[in-house]
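**Student:** quick check, what structure comes out for this input:
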Amino acid sequence: MRHVLAAAVITVPTEVTQRALGYPSLFLLVLIGALVPVIPTGALVSSATVVAVHQTAPLSMAMVFVVAALAAFLGDMALYWLGRRGMESRNGSRWLAAIRDRAPEDRLAQAQQKLADHDVVVLVMSRLVPAGRIPVMLACLMAKWPARRFAHGNGPACLAWAATYQLIGVLGGSLFKEPWEGVAAAIALTVVISVAPALWRRARSATR
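**Tutor:** Modelled structure (predicted):
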């Protein structure tokens, strides 16, 4: 009994500390990653989910989902607002230039065509396609979508994105006993998912 109580005393502060530091860190990193896509936000969500799987708190999984989806939504909306300001400005803006630099002409043309054909559905799916978010966002900017219309599609997109990468984390956390093993597996899987489409496009262009 003494050993059980000692383990509980050690475990509870550890989990409390993880939650106190983990959720704000996850929120900030996903928010920044939405604005400046140099942070692998999908891997962050999957890794946070792995840690949540191994915790005893009943709402850990739900908190990771809510925090990730909310941060992604706010980051997307902030970037869209900055992009709209650039579109309305005579000289543009560095944010709009950054969005255009991350949207190749061929991907932008595809996004514009799909947006014209399928409207909001394309925006919802854009976050689930590696490197698909920025071209679709730029297509919405060029189509002069108001922020409210963009938000209507971006909300479900962020929910679907968070759920997808959380599922990857659940798989990683369930297959391995140690959290670090699950985190490593989740990161490896998210990297494969993000890199595979680009490799496929290069392979197709090389065979033509």
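**Student:** tell me which stretches of the protein form helices.
**Tutor:** Under the criterion DSSP state H, the chain carries helices at the ranges 2-35, 41-53, 60-88, 94-101, 105-118, 120-126, 133-142, 147-175, 179-207.
**Student:** those helices: lowest mean pLDDT?
**Tutor:** Of all the helices of the chain, the minimum mean pLDDT falls on helix 179-207 (a mean of 59).
**Student:** buried sites along stretch 54-73?
**Tutor:** By neighbour count on 16 or more other CB atoms under 10 Å, the buried set for stretch 54-73 is 54-55, 60-61, 63-65, 67-73. (Glycine included, C-beta is placed from N, CA and C.)
**Student:** got phi/psi on residue 54?
**Tutor:** Taking degrees, to the nearest 10, you get phi -90, psi 0 for the backbone angles of residue 54.
**Student:** hmm, back to that, of the buried residues of stretch 54-73, which is the nearest to residue 101?
**Tutor:** residue 72 (21.1 Å; CB to CB).
**Student:** and that closest one, what is it in contact with?
**Tutor:** 30-31, 34, 41, 127, 158, 161-162 (CB atoms under 8 Å, 6 or more residues apart in numbering).
**Student:** next one: residue 104
**Tutor:** Taking CB under 8 Å, 6+ apart, we find residue 104 in contact with residue 135.
**Student:** let me know the pLDDT of it.
**Tutor:** pLDDT for residue 104: 85.
**Student:** count the residues that sit near residue 136.
**Tutor:** Neighbour count for residue 136, taken as other CB atoms under 10 Å: 28.
**Student:** try residue 32
**Tutor:** Neighbour count for residue 32, taken as other CB under 10 Å: 15.
**Student:** per-residue pLDDT of the closest residue to it other than its chain neighbours, please?
**Tutor:** Residue nearest to residue 32 in three dimensions, not counting chain neighbours: residue 39, with 6.1 Å by CB to CB, 6 or more residues apart in numbering. Listed pLDDT for residue 39 reads 80.
**Student:** isn't residue 39 up against residue 28?
**Tutor:** No: contact between residue 39 and residue 28 fails when scored by CB atoms under 8 Å: they sit 9.9 Å apart.
**Student:** out of these two, which sits in the busier spot?
**Tutor:** Just comparing residue 39 and residue 28: by other CB under 10 Å the higher neighbour count belongs to residue 39, 16 against 13.
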